[in-house]
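Novice: Please work out how this folds:
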Amino acid sequence: MEFLVRFDVTPPASMSADERERLRALERVRATELRELGILRRLWRVPGRRSVVGLWEAPDATVLHDALASLPMFPWMDVSVEALATHPQEQK
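Specialist: Have a look, this model is predicted:
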């Protein structure tokens, strides 16, 4: 099942620059793992914002939630998820 996932990351202002960079590095590692598992399919940045739009694939919403929650920056993410259904013009 495919999902369109949008999220904004807002770490607390009290978080040090070193901690933010450490978490970003961990985030890259985890995102690579999720790509290798086929769960994270594509990511886009939204110009001018700290927003991300992604195409994710998981058997169900629980597996997707677990994948998102495994991201190091998850505690500071505002996430919205839309389940996607195949459009009739896309069926072959």
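Novice: hmm, who's touching the longest helix along the chain?
Specialist: Criterion DSSP state H: the longest helix present in the chain is helix 17-36. Residues outside helix 17-36 that contact it (Cβ atoms under 8 Å, 6 or more residues apart in numbering) are Pro11, Leu40, Arg41, Leu43, Ala67, Ser70, Leu71, Pro72, Met73. Every residue, glycine included, has its C-beta placed from N, CA and C.
Novice: mind listing which of those residues are in strands?
Specialist: Leu40, Arg41, Leu43 (DSSP state E).
Novice: what's the closest of those to Leu84?
Specialist: Within those, the smallest distance to Leu84 is 11.0 Å, found for Arg41 (Cβ to Cβ).
Novice: quick one: that closest one and Ala58 touch, right?
Specialist: No - using Cβ atoms under 8 Å, Arg41 is not in contact with Ala58, being 10.2 Å away.
Novice: more crowded one of the two?
Specialist: Applying other Cβ atoms under 10 Å to Arg41 and Ala58 shows that Ala58 carries more neighbours, namely 20 against 13.
Novice: For that one, give me its contacts.
Specialist: Contacts for Ala58 (Cβ under 8 Å, 6+ apart) come out as Met1, Phe3, Ile39, Leu64, Ala67.
Novice: In helices only, show me these.
Specialist: Those of the contacts of Ala58 lying in helices (DSSP H): Leu64, Ala67.
Novice: List buried members of the contacts of Ala58 by neighbour count.
Specialist: Among the contacts of Ala58, those classed as buried by 16 or more other Cβ atoms under 10 Å are Phe3, Ile39, Leu64, Ala67.
Novice: now the second one, nearest residue through space, not along the chain?
Specialist: The shortest distance from Ile39 to any residue that is not its chain neighbour, by Cβ to Cβ, 6 or more residues apart in numbering, is 4.9 Å, and that residue is Ala67.
Novice: contacting residues for that neighbour?
Specialist: Ala67 sits next to Leu34, Ile39, Leu40, Trp56, Ala58 when contact means Cβ under 8 Å, 6+ apart.
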